[in-house]
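> Got a predicted model here, sequence first, then my questions.
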Amino acid sequence: MSTAIPACFKAYDIRGKIPDELNPNLALDIGRAYAAVFQPRKVAVGHDIRLSSPELTAALVEGLLESGVNVLHLGLCGTEEIYHAAFSMEDRGLDGGIVVTASHNPADYNGLKFVTKGARPVTGEAGLKQMAELIVNGGLPAPAEKIGIETRVENKNEYIQHLLGYVDLQDLAPLKIVVNNGNGSAAPVVDLLEQELPFTFIKAFHEPDGTFPNGVPNPLLPENREETSRLVREHGADFGVAWDGDFDRCFFWDEKGNFIEGYYIVGLLALELLNQSPGAKILHDPRLIWNTEELVKAAGGIPIMAQTGHAFIKERMRLEDALYGGEMSAHHYFKSFGYCDSGMIPWLLVASLLSRRAVPLSSLVTDFMAAHPVSGEINNVVANPDAVIAEIEARFQGGEKDYTDGLSVSFPEFRFNIRKSNTEPLLRLNVESRANPDLLKEKTDELLQIIKA
């Protein structure tokens, strides 16, 4: 008889409250289930800074070793370090990677993200559900006759060298950059890059600390943006950058301390990369599109819209052989990084661009922001999201509709996207206009009235 799947198994990963929804016993079984479903010989494992991460990781590793899988243990690391190991060491027999992290969730949560050979993502439909069923239905195989071998890897050199490959060190100017680790996992990598780069770093909340004394590292929360902004202004920095807990996303502030919406960074990075690879394909999500589409086409690239979410973006990037993919939520994906997202490559590319152009960051995004002002993502908890979306569709009959992800409706002067969250009981709204902030406000208010009614 089938039992209910544990609540911590989500659409793209595992995430739950400690210890009710996720604990060492379950982590051990997750290691065994991953081994049973994917049958790897060797797997890279690492973890973020959360206080529960070392214990969960030890149990996960035990489950893998018991199943006869060899483990490459990276210790404290970012999600992208596991991705890098998975695609760069495939020819050395590495068959996948697992990172223990809950990214920007509250401190009493934790989770796991999985990839298979070549850093391909594991999702609910591609393995996670199967793993959960093995665990709850008592279907896990007996321990292997030969136990796996664990090897500790302290050296981040290969990963650091890969990152440095995105910039020409000769071209870099001695920029001053505020780096806000948010007490997360990015600091050790920033410190290693610092030794190779001509930049001066002003470090905020730099000490990795799983108690999160300055709040959970999630720069999307407005209250978490002020410190970076203040330091940029106080030190006259060229720009500021901050990361979430596992640093697979990075966020930018210009030289005036103004936060830059992730949407405009997508266009900026697309231009920078098309400069090096003319005519390439660039992926973007459906929430906000006009700025990216126009910039990419003008630069001779091919814009492609793909469903929101890392698994969909990565799959589509491989299918299209796209150079770069960007989501307005500050996930940036690179073909040369195993089609995976990185929170380190984007700020290196921005620093390289500023060094070569010798202009302030604000000047590079001001025109984008004026041409396509946006509402910012507005989240609302609603009892019946499908009914609300149907009501909005009925009210905005005349526009051009798209259902790539939720509902997008475009009119000549404004467009919007409304979609259900994949992970929370929320409706997410994004609105943009063509150089018309008043129309943007009017339409945003009109949509919010329908949502809140």
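On my side now, so go ahead. Residues are numbered from 1 along each chain as shown.
> Spell out which helix or strand contains residue 363, please.
In this structure, residue 363 is located in helix 361-371 according to DSSP states H and E.
> mind checking how far stretch 60-70 is from the chain centre?
For stretch 60-70, the gap between its own C-alpha mean and the chain's C-alpha mean amounts to 28 Å (Cα atoms, centre = their mean, to the nearest Å).
> Run the chain-centre distance for the helix or strand following the helix holding residue 363.
Toward the C-terminus, helix 361-371 is succeeded by strand 378-381 as the next helix or strand (DSSP H and E). Taking Cα atoms, centre = their mean, one finds strand 378-381 lying 20 Å from the centre of the chain it belongs to.
> buried set for the next helix or strand after strand 378-381?
Following the chain from strand 378-381 toward its C-terminal end, the next helix or strand by DSSP H and E is helix 385-395. By neighbour count on 16 or more other Cβ atoms under 10 Å, the buried set for helix 385-395 is 385, 388, 389, 392. All C-beta atoms are positioned from the backbone trio N, CA, C, and that covers glycine.
> quick revisit: what packs against the helix holding residue 363?
The elements that helix 361-371 packs onto, with contact taken as 3 or more Cβ pairs under 8 Å, 6 or more residues apart in numbering; DSSP states H and E, are helix 262-276, helix 290-298, helix 345-357.
> Point to the residue nearest the middle of the protein.
In the chain, the residue lying closest to the centroid (Cα atoms, centre = their mean) is residue 331, at 3.9 Å.
> quick one, phi psi at it?
phi -100, psi 130 (degrees, to the nearest 10).
> returning to that earlier point: the helices and strands packed on helix 361-371: which one's closest to residue 369?
Proximity of the helices and strands packed on helix 361-371 to residue 369 was assessed by Cβ to Cβ; the nearest stretch is helix 262-276, lying at 6.1 Å.
> Between helix 345-357 and that closest one, find me the angle.
Our comparison of helix 262-276 with helix 345-357, counting by axes from the mean of the first three to the mean of the last three Cα atoms, to 10 degrees, yields an angle of 60 degrees.
> What are the contacting residues of helix 262-276?
Helix 262-276 has contacts (Cβ atoms under 8 Å, 6 or more residues apart in numbering) with 251-252, 280, 282, 284, 287-288, 291-292, 295-296, 299-301, 323-324, 326-330, 332, 346, 349-350, 352-353, 364-365, 368-369, 374.
> Taking helix 290-298 as reference, get the angle to it.
Taking the same axes, to 10 degrees, one finds that helix 262-276 is oriented at 10 degrees with respect to helix 290-298.
> Name the residues of helix 262-276 that are buried.
262-274.
> And stretch 88-100, by the same measure?
Within stretch 88-100, the residues scored as buried using 16+ other Cβ under 10 Å are 88, 89, 94, 95, 96, 97, 98, 99, 100.
> Quick check: the second one vs residue 162, distance?
So that's residue 89. Counting by Cβ to Cβ, to the nearest Å, the gap between residue 89 and residue 162 amounts to 12 Å.
> Which residue ranges of the protein form helices?
Assigned by DSSP state H, the helices in the chain fall at 24-38, 53-66, 79-88, 129-136, 157-164, 187-194, 226-235, 262-276, 290-298, 310-320, 345-357, 361-371, 385-395, 437-452.
> same for the fifth one, what does it pack against?
Helix 157-164 is packed against helix 79-88, helix 187-194, helix 345-357, with contacts defined by 3+ Cβ pairs under 8 Å, 6+ apart.
> same check, this time on the first one
Taking 3+ Cβ pairs under 8 Å, 6+ apart as contact, the helices and strands that helix 24-38 lies on are helix 53-66, strand 96-100, strand 109-116, helix 129-136.
> Could you check the pLDDT of residue 125?
The per-residue pLDDT reported for residue 125 equals 87.
> number of nearby residues for it?
10 (other Cβ atoms under 10 Å).
> Ok, residue 36 next?
Look at residue 36: counted by other Cβ under 10 Å, it has 16 neighbours.
> Does it touch residue 67 like I think?
Yes. When contacts are counted by Cβ atoms under 8 Å, residue 36 is listed as touching residue 67 (7.0 Å).
> which regions of the stretch 351-453 of the chain lie under the pLDDT threshold?
Flagging of the stretch 351-453 of the chain using pLDDT under 70 yields the residue ranges 423.
> before we move on, what about the stretch 1-150 of the chain?
Along the stretch 1-150 of the chain, the model assigns pLDDT under 70 to residues 1-2.
> Kindly recompute the last result at 90.
Where the stretch 1-150 of the chain drops to pLDDT under 90, the residues are 1-4, 11-12, 104, 123-126.
> How about the stretch 151-300 of the chain?
220-222.
> Quickly list the domain ranges of this protein.
14-156, 175-260, 262-341, 378-452 (automatic domain parsing).
> I'd like a version of the buried residues of helix 262-276 in a markdown table, one that adds distance to residue 124 as further columns.
As requested, the buried residues of helix 262-276 are exported to a markdown table (distance: Cβ to Cβ, whole Å):
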| residue | distance to residue 124 |
| --- | --- |
| 262 | 25 |
| 263 | 27 |
| 264 | 32 |
| 265 | 29 |
| 266 | 26 |
| 267 | 31 |
| 268 | 33 |
| 269 | 29 |
| 270 | 30 |
| 271 | 35 |
| 272 | 34 |
| 273 | 31 |
| 274 | 34 |
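> what's the pLDDT at the residue lying closest to residue 87 once chain neighbours are set aside?
Setting aside the residues directly before and after it, residue 87 is nearest to residue 338 in space (Cβ to Cβ, 6 or more residues apart in numbering), at 3.1 Å. For residue 338, the pLDDT comes out at 98.
> Residue 81 versus residue 338, what's the distance?
The span separating residue 338 from residue 81 equals 12 Å under the rule Cβ to Cβ.
> Report the contact partners of the closest residue to residue 233 other than its chain neighbours.
In this structure, residue 233 finds its nearest non-sequential neighbour in residue 257, 4.3 Å apart by Cβ to Cβ, 6+ apart. Residue 257 is in contact with 228, 229, 230, 232, 233, 240, counting by Cβ under 8 Å, 6+ apart.
> List just the nearest of those residues to residue 396.
When these are compared for distance to residue 396 (Cβ to Cβ), residue 229 comes out closest, at 35.7 Å.
> how many neighbours does residue 435 have?
Neighbours of residue 435 under the rule other Cβ under 10 Å: 12.
> Test my guess that residue 42 contacts residue 94.
Yes. Residue 42 is in contact with residue 94 according to Cβ under 8 Å; the separation is 5.2 Å.
> Please identify every residue contacting each of those two.
Common neighbours of residue 42 and residue 94 (Cβ under 8 Å, 6+ apart) are residue 72.
> re earlier: any of the contacts of helix 262-276 buried? List them.
Buried residues within these, defined by neighbour count using 16+ other Cβ under 10 Å: 251-252, 280, 282, 284, 287-288, 291-292, 295-296, 299, 301, 323-324, 326-330, 332, 346, 349-350, 352-353, 364-365, 368-369, 374.
> Who does residue 324 form a beta bridge with?
Beta-bridge pairing of residue 324 under DSSP bridges involves residue 282, residue 334.
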